[in-house]
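> structure, please.
(one chain, ligands or ions: 1)
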Amino acid sequence: MRAMDLIDRLNREGTLPDDALSELIGERNRLSGAEREYLYLLAREKSTAVFGHDIYLRGLIEYTNHCRNNCRYCGIRRDNGALHRYRLTDEEILSCADDGYDLGIRTFVLQGGEDGYDSDDRICRIVSKIRERHPDCAVTLSIGEKTHESYQRYYDAGAERYLLRHETADEDHYRHLHPDEMSMRHRMDCLYDLKEIGYQIGAGFMVGSPGQTDACYVKDFRFLKELDPHMIGIGPFVPHHATPFADCAAGTLDDTLFFLALLRLYFPKALIPATTALGTIHPRGRELGVLAGANVIMPNLSPGAVRKDYLLYAGKICVDDEAGQCRDCIGARMHSIGYRTVAARGDYPGFQKKHNPPDESGGSEPDRRNQDDL
Ligand code: SAH
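Below you'll find the model as predicted:
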């Protein structure tokens, strides 16, 4: 069958021309169970060839749900007046990181809405305090679109990675998902700025979001190929009741696993999470994500009291858990499928940090320090 030939070709060559990719994407719902399993097998073989059976952990600290933006899909959008807004103090954020450290987390992801209260000074102060207290850890920021100058300041303060999903690489689709004041070009420019400064960068998109067509996915892959990010986050779109997309259907498990596997075949060395949204639409979503090529999980380190307020979408899992429970649960889930969570920074293989001598850069091999089975 033609789709199988395309999968084999992608596996061999690591890329497909647009027309072939488009054909494969168009065929995805006609793949048999066995054909899907074959795709996932190839993807996870690519992943284990680089990362073994190690799963890197990124401790997520959702430090503010204030947001100046009004993205139509997102539960913390500005117009959601019913939401209880919160903002963690410096001390609360540091205490989340300390707790995470004790649980074996070596990367902290500070994520939030675009909060007007966040001065660059504040972000820099928090980043440098975390780095001081935990010098063997990486800090990742996921705080939206900022100026080149701000990104440079955060980097100089010690932030080394930045997650900024491009959301979609199709102009019309971008406009369908976002209000007029936001721009796809600007978001993409931010990603190029971050890369140029020297960050390990993460892009990505939702699967099955309203208005998304097969042609949108082809453009996503083309853009990702050009950007060549170190991390790629995808997860199913999940509707939130207080958004204009409340009544739209969620993205499916099969589609998300299909695109995860394709991403792994395109980007063998990328750090690709099995996301919380995937765990939300299926009880074993994250395990299945790893079995389709993902190699990162992001346990939640946010304080229990605020978790239910950082609801980007409906039904988000683990909102009643504490950090230790999330971490243990993820460890057990990975163990159940023959993988192990490791206490390592998990940098992009071979990544050389700018402005630093190579011997301080984190090495050229996947980070296998402290790889105790936690
Ligand atoms: N303000 C930051 C963080 C955004 S939240 C930024 O701009 O990057 C992180 C990601 O959650 C978003 O990039 C988006 O892709 C995803 N997300 C938001 N709403 C969602 C929904 N309803 N379903 C699934 N994913 C969603």
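> when you work out contacts or count neighbours from here on, use the C-alpha atoms and nothing else.
Noted.
> let me see the contact set for residue 26.
With contact set as CA atoms under 8 Å, 6 or more residues apart in numbering, residue 26 has these partners: residue 214.
> work out for me the element it sits within.
Residue 26 belongs to helix 18-27 when elements are defined using DSSP states H and E.
> over to residue 79?
Secondary structure (DSSP H and E) places residue 79 outside all helices and strands.
> distance-wise, check the nearest residue to it once chain neighbours are set aside relative to the ligand.
Counting by CA to CA, 6 or more residues apart in numbering, residue 70 is the residue found nearest to residue 79 once chain neighbours are left out, at 6.5 Å. The gap separating residue 70 from the ligand is 10 Å, by CA to the nearest ligand atom, to the nearest Å.
> count of neighbours near residue 70?
Residues near residue 70, counting by other CA atoms under 10 Å, number 20.
> quick one, phi/psi of it?
Note on residue 70: its backbone torsions stand at phi -130, psi 40 [degrees, to the nearest 10].
> and it, what's its pLDDT?
Taken from the predicted model, the pLDDT recorded for residue 70 is 98.
> quick one: contacts for it?
Going by CA under 8 Å, 6+ apart, residue 70 touches 77, 78, 79, 178, 179.
> do you know the pLDDT at the fourth one?
Put plainly, it is residue 178. Confidence at residue 178, expressed as pLDDT, is 98.
> could you find the closest non-adjacent residue to it?
In space, and not counting its chain neighbours, residue 178 is closest to residue 71: 4.8 Å by CA to CA, 6+ apart.
> circling back: top of the contacts of residue 70 by number of neighbours, please.
In the contacts of residue 70, the most neighbours by other CA under 10 Å go to residue 77, 22 neighbours.
> and the gap between that residue and the ligand?
Shown here: residue 77 relative to the ligand, a distance of 9 Å by CA to the nearest ligand atom.
> please apply the same query to residue 141.
With distances defined as CA to the nearest ligand atom, the gap from residue 141 to the ligand amounts to 9 Å.
> ok, what's across the strand from that residue?
Using DSSP bridges, the bridge partners assigned to residue 141 are residue 110, residue 162.
> what about it, neighbour count?
Taking other CA under 10 Å as the neighbour definition, residue 141 ends up with a count of 25.
> same question, residue 152
Tallying neighbours of residue 152 according to other CA under 10 Å, which is how burial is gauged here, yields 18.
> likewise the one 10 residues further on?
Using other CA under 10 Å, the number of residues around residue 162 comes to 28.
> quick one, what contacts it?
With contacts defined as CA under 8 Å, 6+ apart, residue 162 is in contact with 140, 141, 142, 194, 199, 200, 201, 202.
> hang on, the residue nearest to residue 178 packs against residue 175?
No. The pair formed by residue 71 and residue 175 falls short of the contact definition of CA atoms under 8 Å, at 9.9 Å.
> sorry, back to before: dump the contacts of residue 70 into TSV; add distance to residue 295 as well.
Putting the contacts of residue 70 into TSV (distance: CA to CA, whole Å) gives the following:
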residue	distance to residue 295
77	30
78	33
79	35
178	30
179	33
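> of the residues you listed, closest to residue 233?
The nearest member of the contacts of residue 70 to residue 233, counting by CA to CA, is residue 178 at 18.9 Å.
> touching, that closest one and residue 72? I think so.
Yes. With contact defined as CA under 8 Å, residue 178 and residue 72 form a contacting pair (5.7 Å).
> which single one of the contacts of residue 70 is nearest to the ligand?
Each of the contacts of residue 70 was scored against the ligand by CA to the nearest ligand atom, and residue 77 proved nearest at 8.9 Å.
> spatially nearest residue to the closest one (excluding sequence neighbours)?
If you skip the residues right next to it in sequence, residue 77 has residue 70 as its closest partner in space, 4.5 Å away by CA to CA, 6+ apart.
> next one: residue 322
By the measure of CA to CA, 6+ apart, the closest residue to residue 322 outside its immediate chain neighbours is residue 304, 5.7 Å from it.
> quick one, what contacts the one you found?
Contacts for residue 304 (CA under 8 Å, 6+ apart) come out as 319, 320, 321, 322.
> now do 10 Å
The contact partners of residue 304, taken as CA atoms under 10 Å, 6 or more residues apart in numbering, are 318, 319, 320, 321, 322, 323.
> kindly report the same for residue 285.
If a contact means CA under 10 Å, 6+ apart, then residue 285 has 253, 256, 257, 274, 275, 276, 277, 278, 279, 291 as its contacts.
> repeat the analysis, applying 6 Å as the threshold.
Residue 285 is in contact with 278, 279, counting by CA atoms under 6 Å, 6 or more residues apart in numbering.
> and residue 354, what's its pLDDT?
pLDDT, the model's per-residue confidence, is 83 for residue 354.
> residue 310 in helix, strand or coil?
Under DSSP: H, G, I helix; E, B strand; the rest coil, the three-state class of residue 310 is coil.
> against the ligand, how distant is the closest residue to it other than its chain neighbours?
Nearest-residue entry for residue 310: residue 65, 5.9 Å, with adjacent residues in sequence omitted and distances by CA to CA, 6+ apart. Here the distance between residue 65 and the ligand works out to 9 Å (CA to the nearest ligand atom).
> change the start of the numbering to 476 and stick with it
Taking 476 as the first residue, the last one we looked at is residue 540.
> confirm that residue 515 sits in a helix.
Yes. Going by three-state DSSP, the assignment for residue 515 places it inside a helix.
> gap between it and the ligand?
With distances defined as CA to the nearest ligand atom, the gap from residue 515 to the ligand amounts to 22 Å.
> what sits against that residue?
Listed by CA under 6 Å, 6+ apart, the contact set of residue 515 reads 736, 767.
> the residue nearest to residue 653 contacts residue 655, correct?
No. If you go by CA atoms under 6 Å, residue 546 and residue 655 don't touch, sitting 10.0 Å apart.
> quick one, which of those two is more surrounded?
In this comparison of residue 546 against residue 655, neighbours counted by other CA under 10 Å, the higher total goes to residue 546 at 21 against 10.
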